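Enquirer: mind folding the following:
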Amino acid sequence: MGIIVLAVVIVILILLAFGTFFTVQTQSNTIIERFGRFVRIAKPGLNVKIPIIEKKAGVVSLRVQQLDLQVETKTKDNVFVLVLVSVQYAVLPQRVADAWYRLDDPEAQIKSYVFDAVRATVPNLQLDEAFERKDDIAQTVGEALAGEMGEFGYQIIKTLVTDINPDASVKSAMNRINAAQRERVAAQDLAEADRIRVVTEARAEAEAKQLQGEGIANQRKAIIDGLHASIAELRHEGIEESDVINLILLTQYFDTLTTLGRNGATTVLLPGTPGGVSQLGDEIRTALLTQDAVREGQAEQRAAQSLDEARNRAAAQRHSVQRDSARRDGGERRDGAPRSGDETQGE
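Expert: Numbers count the residues shown, from 1 in each chain. The predicted structure follows:
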C-alpha cells in the first residue's frame, strides 16, 4: 500500500514540475494570468509559474510582420484603380500587454485604417498624379497608421504602395496615347532629319556650282589673258595677224586631240594634217561671211516685199475712191439734176 501511495505522489510531483516550468522562444513574450487576471509577461528563456493558479494566456510575437492589402478607389478624374499596399508592423516590447488585450484583431484594425487613409488621399489626385506620387500616398497612410496603432502598442515600421492598377480598358487607352505621342515625336525627328539632309545637300550643291562657276570663269579669264599675251608677244616678234590666228587654232587643235585621246569617250572627225587647220579656219570665216550675206539678202527681200505691199494698198485705195464717185454721179442723173459741163462735153 505504501508503495502505491509513493508512486502517486511521484506522479503528482512530476505533473506539478511540468506545469511549473516552461520556456519562451526568442522574439516572443508570453502572457501570464492568475485566475483570469493579467499578472506578468514571461520573457524569452526558462520561466516558472504556479501550477493550477497561473496559466499562459497567449504568446505575442515581437517579429516584424507584413500585411498586404488591396484597396479599390477612384481618382479625381473618375478612374477606378486598385491600390496595392504593404504594411510592415511590429509589437512594441514595452507594450506587449496593450497589444494583446486592447486589440482583438490587429490585422483587421490595420486594414480599416489603411482603407480609410487611401480612400481619403487618392480621390484628390489625377490618375497620372497618383502614379507620380505613390511615395506621398504611402507616407500619408504610414502617418495615419502610426498615430492610431501606436496607442495600442503597435509600431508601424514601413508602409509601401507597391502598385496602382487601373482598369484594363484604361491601361489600353493610356498605352495607345503613349504610343501615339512617341510616334509623333519620332515622325517629327525623322522630318527634321530629312530637312537637315535636304538643306545640307542643297547647300553643298549650291557651293559646288558656285565654285564650279568661279573655276570656269577663272579658266576663261586665264585663257583670254593667255591669248592676249600670246598675240602681243607674236606681234612683237613681227608675225602677221593671220599667222597668229592660225597658230592659235593649231595649238587649240592639238590640245583638243590630247583631251580626246586622254578621255577616249567621244569621237570627233577633224583634219589629220597641220595644213587642215588653216583650211578649217578658212571654212569658219567663209561660213561667217556667207551667213552675213544671207542675212543681208533676206533683209533686202523683206524690204522689197514691204514696198510691193504698200503699192498694192495704194492702188486698191484709188480704185475704191473712183468707184464711190461713179456711184454718186449716177444717182444724180436718175433724179433729173442738171449735168455738169464735163459730162455734156463728154457726150
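
Enquirer: please name the bridge partners of D163.
Expert: L84 (DSSP bridges).

Enquirer: shift numbering so it begins at 554
Expert: Got it, the first residue is 554 from now on, which makes the last one we talked about D716.

Enquirer: can you tell me how far it is from Q623?
Expert: 9 Å (CB to CB, to the nearest Å). To be clear about C-beta, it is placed using only N, CA and C from the backbone, and glycine gets the same treatment.

Enquirer: ditto for Q741
Expert: Counting by CB to CB, the gap from Q741 to Q623 is 41 Å.

Enquirer: hang on, A683 in a strand?
Expert: No. With DSSP: H, G, I helix; E, B strand; the rest coil as the criterion, A683 is helix rather than part of a strand.

Enquirer: which ones are touching it?
Expert: Going by CB atoms under 8 Å, 6 or more residues apart in numbering, A683 touches T628, V634, V675, I690, I717.

Enquirer: follow-up on the earlier one: list residues touching both of D716 and Q623?
Expert: V636, L637.

Enquirer: what about these two, which has more around it?
Expert: D716 (14 against 11; other CB atoms under 10 Å).

Enquirer: you'd agree that one is up against L637?
Expert: Yes. Using CB atoms under 8 Å, D716 is in contact with L637, at 4.4 Å.

Enquirer: run through the strands of this protein in chain order.
Expert: 574-577, 581-587, 590-595, 598-601, 607-614, 618-627, 633-644, 707-719 (DSSP state E).

Enquirer: mean pLDDT and distance to A856 for those strands - can I get that in CSV?
Expert: Formatted as CSV, those follow (pLDDT from 0 to 100; distance: least, CB to CB, whole Å):
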stretch, mean pLDDT, distance to A856
strand 574-577, 86, 140
strand 581-587, 91, 134
strand 590-595, 91, 140
strand 598-601, 88, 142
strand 607-614, 89, 130
strand 618-627, 91, 102
strand 633-644, 92, 101
strand 707-719, 90, 97
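
Enquirer: any chance of CSV for these, columns distance to R866?
Expert: Listed next are these as CSV, based on distance: least, CB to CB, whole Å:
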stretch, distance to R866
strand 574-577, 143
strand 581-587, 137
strand 590-595, 142
strand 598-601, 146
strand 607-614, 132
strand 618-627, 101
strand 633-644, 101
strand 707-719, 98
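
Enquirer: how about Y654: what's its closest non-neighbour residue?
Expert: F591 (6.9 Å; CB to CB, 6 or more residues apart in numbering).

Enquirer: among the contacts of A683, which one sits closest to A732?
Expert: I717 (20.4 Å; CB to CB).

Enquirer: contacting residues around the closest one?
Expert: I717 neighbours (CB under 8 Å, 6+ apart): V634, L635, V636, L637, A683, F684, K687.

Enquirer: export those residues as JSON lines, with columns for distance to A721.
Expert: Output for those, formatted as JSON lines (distance: CB to CB, whole Å):
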{"residue": "V634", "distance to A721": "12"}
{"residue": "L635", "distance to A721": "11"}
{"residue": "V636", "distance to A721": "16"}
{"residue": "L637", "distance to A721": "16"}
{"residue": "A683", "distance to A721": "17"}
{"residue": "F684", "distance to A721": "16"}
{"residue": "K687", "distance to A721": "20"}
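
Enquirer: nearest to V723, of the residues you listed?
Expert: V634 (8.3 Å).

Enquirer: follow-up on the earlier one: which of the contacts of I717 are buried?
Expert: Using 16 or more other CB atoms under 10 Å as the burial test, the contacts of I717 include V634, V636, A683 as buried.
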